[in-house]
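Q: 3D model of this:
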Amino acid sequence: MDDRLPSGHAPLDEVLGGGLPGNAISLIMGRPGSGKTILAQQYAFRNARPGRPAVYMSTVSEPLEKIVRFGQSLTFFDTAAIGTSVFYEDLGTTVHQDGLSGVAEHLGRMVRERRPGLIVIDSFKALQAFAPDYGEFRKFLHELAGRLGAFPAASLWVGEYEDAEIASMAEFAVADAILNLSSERIGQREARFLQVKKLRGSAFRSGQHAYRLTADGLRLFPRLADAPTDEDYALNGTRVSSGISALDQMLEEGYWPGASTLITGPSGSGKTLMGLHFVMNGASQGQPGVIATLQENPTQLQRVLSGFGWSLSEPNVEVMYRSPVDIYIDEWVYELMDTVERTKARRVLIDSLADLRISAGDEVRFHEFVYSIVQRFSRQGVSVLMTSEIPYLFGADHISDSAVSPLADNIVMLSYQQERDTIGRTMAVMKTRASRHDPAVRTFVIGSQGIVLDELPPAQESRPGEAPRSEQLFSG
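A: Predicted coordinates for the structure are as follows:
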C-alpha cells in the first residue's frame with residue numbers, strides 16, 4: 001500500500017498530514033455511538049483493492065450481521081466489492097472457542113490467504129475479556145503486533161476506550177496513530193469532535209475538529225485557526241461604500257476594502273438594515289455579496305427588503321440562511337467560505353454574532369473563529385460586516401459582550417435616545433482603523449429609503465459641568 005492510508009475525505013486527510021500511516025497500526029477510540037465503526041468502514045472501502053483487499057473482522061461487541069446491515073445504508077458501501085476486495089469475518093466464535101491464541105492463529109491464516117492491504121479489528125478492546133489477566137493480554141498484544149508488523153499491511157483497531165486509559169493500556173503504546181472521537185454538550189445540542197492523540201513520524205493539525213456522521217460517512221470540519229503570517233498582500237485602495245451616503249462622509253468616503261466592520265446596538269436599532277444597505281449597494285455596482293443570516297429566513301428577509309425596494313432576486317446577492325437552533329459553527333464557517341469562493345463575493349453580511357457565539361460553546365472557540373474569518377477575508381479583499389446585539393436600549397458601558405471589538409477595523413454603534421414623548425435612533429462611529437472619522441453622534445430615521453441620517457445641528461457649547469453632547473446621547 002501507499003505510505004499513507006487515505007480516508008476518501010480530503011479535510012480529514014488534511015488534518016492527518018496526508019492520511020493515516022500505511023503499514024502501521026492505528027487505533028480509533030471513542031464511546032459507543034461516536035462513529036468509530038462508520039469511520040473504519042469508510043477506510044476499508046476507500047483502500048480496498050482486489051489484489052490487496054480490506055478485511056473487516058468483528059469480535060464480540062456487535063454481531064457481524066449488524067455491522068454489515070448498517071454499513072449498507074452508507075453511500076460508500078459497494079455491494080460489488082464484497083467478496084472481491086472487501087471481506088467481512090467474525091472473530092467472535094473463534095475467541096469464544098479457542099481464546100486469544102485462536103485469534104492469533106486465525107489472523108495469521110487470514111493474512112496468508114487474503115494478503116490484505118488493510119485489517120480492521122472491531123472491537124479490539126473487547127478481546128481483553130478473554131485473557132486470564134492483563135499480563136497475558138500484553139503477551140498476546142506483543143505477539144500480534146509482531147505478526148502484523150512482519151506483513152506489509154495497515155491495521156485499524158477500534159475500541160470503546162476512555163481518555164484516562166491512554167496512559168495505562170498497552171494498546172496505545174503499540175499504536176502508531178490514535179484518533180479520538182468524542183462529543184460535548186453545548187446547550188441543548190451535542191457536538192462531535194475528532195482529535196489526533198498520536199501520529200508517529202508525521203505532522204498533524206492539533207486541537208478538536210468538529211464532525212458530523214452522514215450517509216457519506218464521517219464529514220470533518222478542521223479547526224479554523226488562522227496562524228499569523230508575515231506575507232504581504234495587496235488591497236485595492238478604493239474605498240467601499242457603506243450604502244449610506246451620510247455615513248460614508250463620517251467614515252471619510254467609506255470602508256477600506258477587505259476591512260471588517262462591527263455594527264453593535266440594541267434590538268430593533270437598525271443593525272440588520274445597515275448590513276442590507278452594505279450588501280445591496282455593492283450588488284448595484286456589480287460586486288457580488290453574501291447575506292449569511294441566522295435571524296430571518298429567506299421569506300422574512302424578502303419581506304424586509306421589499307419595504308425598501310430591494311429584492312433577493314438580485315443576481316449579485318446570495319442568501320445563506322441557517323437555523324440557529326441546530327448549527328455547528330465549524331460547519332457554518334466552511335459553508336460560508338465555500339459560498340464566498342463560489343460566488344466570488346466581495347461583500348459579506350454576518351447576522352448575527354450572538355447566534356454564532358452560542359453555537360461555539362465557549363468564548364475562546366468563538367474568538368478563534370471570528371479572528372480566522374476576519375483574517376482570511378481580509379487577505380482575499382472581501383469586506384465583511386458583522387452585527388452584534390447589546391442589551392442596553394439607551395447607551396452602553398461597553399461595545400460588545402466578547403473580545404470581538406478589537407478584531408474589527410470599524411465599529412459603528414447604534415442606540416436609542418428619548419426626547420420628551422418620542423424615542424429616536426442615534427448612530428456614532430466609534431472606531432476606524434488606519435483612517436480618521438467624524439466622532440459626531442448623528443440621529444437617523446428609517447423610512448422607505450432605508451436609513452437616513454439627520455443633518456448635523458450647529459455646534460453648541462456645553463454649560464459648565466455638563467457632559468459633551470455625544471456623551472449625553474449615550475449616557476442612558
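
Q: start to end distance for stretch 48-55?
A: 9 Å (Cα to Cα, to the nearest Å).

Q: mean confidence score for that stretch?
A: What stretch 48-55 shows for mean pLDDT is 94.

Q: same thing with stretch 94-106?
A: For stretch 94-106, the mean confidence score works out to 92.

Q: return the distance of it from the chain's centre.
A: Here stretch 94-106 shows a centroid-to-chain-centroid distance of 44 Å under the convention Cα atoms, centre = their mean, to the nearest Å.

Q: what does it rub up against?
A: With contact meaning Cβ atoms under 8 Å, 6 or more residues apart in numbering, stretch 94-106 is reached by 59-60, 91, 127, 130-131, 136-137, 140, 143-144, 147. C-beta coordinates here come from the backbone N, C-alpha and C atoms, glycine included.

Q: the residues you listed in helices, which ones?
A: 136-137, 140, 143-144, 147 (DSSP state H).

Q: buried among these? Need that as a selection in PyMOL.
A: Selecting only the buried entries of the ones in helices among the contacts of stretch 94-106 in PyMOL, with 16 or more other Cβ atoms under 10 Å as the criterion:
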select buried, resi 137+140+144
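
Q: so where is this protein shaky, pLDDT-wise?
A: 1-2, 187, 226-236, 393-403, 456-476 (pLDDT under 70).

Q: could you find the closest non-adjacent residue to Val317?
A: Of all residues not flanking Val317 in the chain, Ala283 sits nearest, at 5.0 Å (Cβ to Cβ, 6 or more residues apart in numbering).

Q: put the alpha carbons of the helix or strand containing the one you found into CSV.
A: Using DSSP states H and E, Ala283 falls within helix 271-284. Taking Å, rounded to 0.1, in the frame of the first residue of the first chain, the C-alpha atoms of helix 271-284 are listed here in CSV:
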residue,chain,number,x,y,z
LYS,A,271,-28.2,46.7,12.6
THR,A,272,-29.5,44.3,10.0
LEU,A,273,-30.8,47.1,7.8
MET,A,274,-27.3,48.7,7.8
GLY,A,275,-25.9,45.3,6.7
LEU,A,276,-28.5,45.2,3.9
HIS,A,277,-27.6,48.7,2.8
PHE,A,278,-24.0,47.5,2.5
VAL,A,279,-24.6,44.3,0.5
MET,A,280,-27.3,45.8,-1.8
ASN,A,281,-25.2,48.8,-2.6
GLY,A,282,-22.4,46.5,-3.7
ALA,A,283,-24.7,44.4,-5.8
SER,A,284,-25.9,47.5,-7.6
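
Q: can you list contacts of that helix?
A: Residues contacting helix 271-284 (Cβ under 8 Å, 6+ apart): 240-244, 261, 263-265, 288-291, 293, 295-296, 304-305, 308, 310, 314-317, 346-349, 351-352, 383, 385, 387-389, 412, 414, 446, 450-451.

Q: buried subset of those residues, written for ChimeraX?
A: In ChimeraX syntax, the buried subset of those is picked out as below (16+ other Cβ under 10 Å):
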select :240,241,242,243,244,261,263,264,265,288,289,290,291,293,295,296,305,308,310,316,317,346,347,348,349,351,352,383,385,387,388,389,412,414,450,451
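
Q: contacts only, for Ser182.
A: 30-31, 34, 192-195, 208.

Q: pick out the most distant pair among these.
A: Greatest spatial distance among these (Cβ to Cβ): Arg31 and Gln208, at 15.1 Å.

Q: who has more neighbours, those two?
A: For Arg31 versus Gln208, the count of surrounding residues by other Cβ atoms under 10 Å is larger for Gln208: 17 against 12.

Q: separation between the residue nearest to Val317 and Glu89?
A: 59 Å (Cβ to Cβ, to the nearest Å).

Q: over to Ile178?
A: Distance, Ile178 to Glu89, using Cβ to Cβ: 24 Å.

Q: more neighbours: these two, which one.
A: Counted by other Cβ under 10 Å, Ile178 and Glu89 do not tie: Ile178 has more neighbours, with 21 against 17.

Q: before we move on, back to that, and the residue nearest to Val317, how far from Ser372?
A: From Ala283 to Ser372 the distance is 26 Å (Cβ to Cβ).

Q: those two - which one has more neighbours?
A: When neighbours are counted by other Cβ under 10 Å, Ala283 comes out ahead of the other of Ala283 and Ser372, with 22 against 17.

Q: stretch 378-386: which residues count as buried?
A: Within stretch 378-386, the residues scored as buried using 16+ other Cβ under 10 Å are 378, 380, 382-386.

Q: perfect, that will be all.
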